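A.B. asks: okay, sequence plus prediction incoming.
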Amino acid sequence: QVQLVESGGGLVQTGGSLRLSCAASERTLSRYNVGWFRRPPGKEREFVATITGSGTSTNYAESAKGRFTISRDNAKSTVYLQMNSLKPEDTAVYYCAAGLYYGSHTSAFGYWGQGTQVTVSS
């Protein structure tokens, strides 16, 4: 059982930056691919970014490309999402997820955190 805890959310102005962290209870997090998803107000959960267990491959949603960077430190069992040039439409609850399959669909991930709120003011 992998437990994930997100942190780093908050309120930021348009154009600002935040770095989200996803800390895992599993010391061998390197076994798992990790993804970030978000649920905007009144919308379905959507894919943001994912990274392989080794950290050598990443994939981003079009909305995240060029602004967000996913990275990981397996020694700390932590995955990060650096978010720059934030926009009001980035407002959402952000979730990290871990799984053994590499993909952008929620079904690829078996373990989920509780989420952290990101609010971008205009």
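C.D. replies: The structure has been received and is ready for your questions.
A.B. asks: mind listing what residue 115 touches?
C.D. replies: 6, 39, 93-95 (Cβ atoms under 8 Å, 6 or more residues apart in numbering). From N, CA and C alone the C-beta is placed, and that goes for glycine too.
A.B. asks: mind doing that once more with 10 Å?
C.D. replies: Applying Cβ atoms under 10 Å, 6 or more residues apart in numbering, we find residue 115 in contact with 4, 6, 9, 37-39, 45, 92-96.
A.B. asks: how near is it to residue 96?
C.D. replies: From residue 115 over to residue 96 the distance is 9 Å, taken as Cβ to Cβ, to the nearest Å.
A.B. asks: cool, residue 53 as well?
C.D. replies: The value you get for residue 53 to residue 96, if Cβ to Cβ is used, is 14 Å.
A.B. asks: between the two, which one's more packed in?
C.D. replies: residue 96 (30 against 19; other Cβ atoms under 10 Å).
A.B. asks: what's across from the residue lying closest to the more buried one once chain neighbours are set aside in the sheet?
C.D. replies: Nearest non-adjacent residue to residue 96, counting by Cβ to Cβ, 6 or more residues apart in numbering: residue 22, 3.4 Å away. Beta bridges link residue 22 to residue 6, residue 79 when assigned by DSSP bridges.
A.B. asks: which parts of this structure are strands?
C.D. replies: 4-7, 10-13, 18-24, 33-39, 46-51, 58-60, 68-73, 78-83, 92-99, 111-112, 116-121 (DSSP state E).
A.B. asks: in the fourth one, which residues are buried?
C.D. replies: Of all the residues in strand 33-39, those buried under the rule 16 or more other Cβ atoms under 10 Å are 33-38.
A.B. asks: so what are the sheet partners of that strand and their directions?
C.D. replies: strand 46-51 (antiparallel), strand 92-99 (antiparallel).
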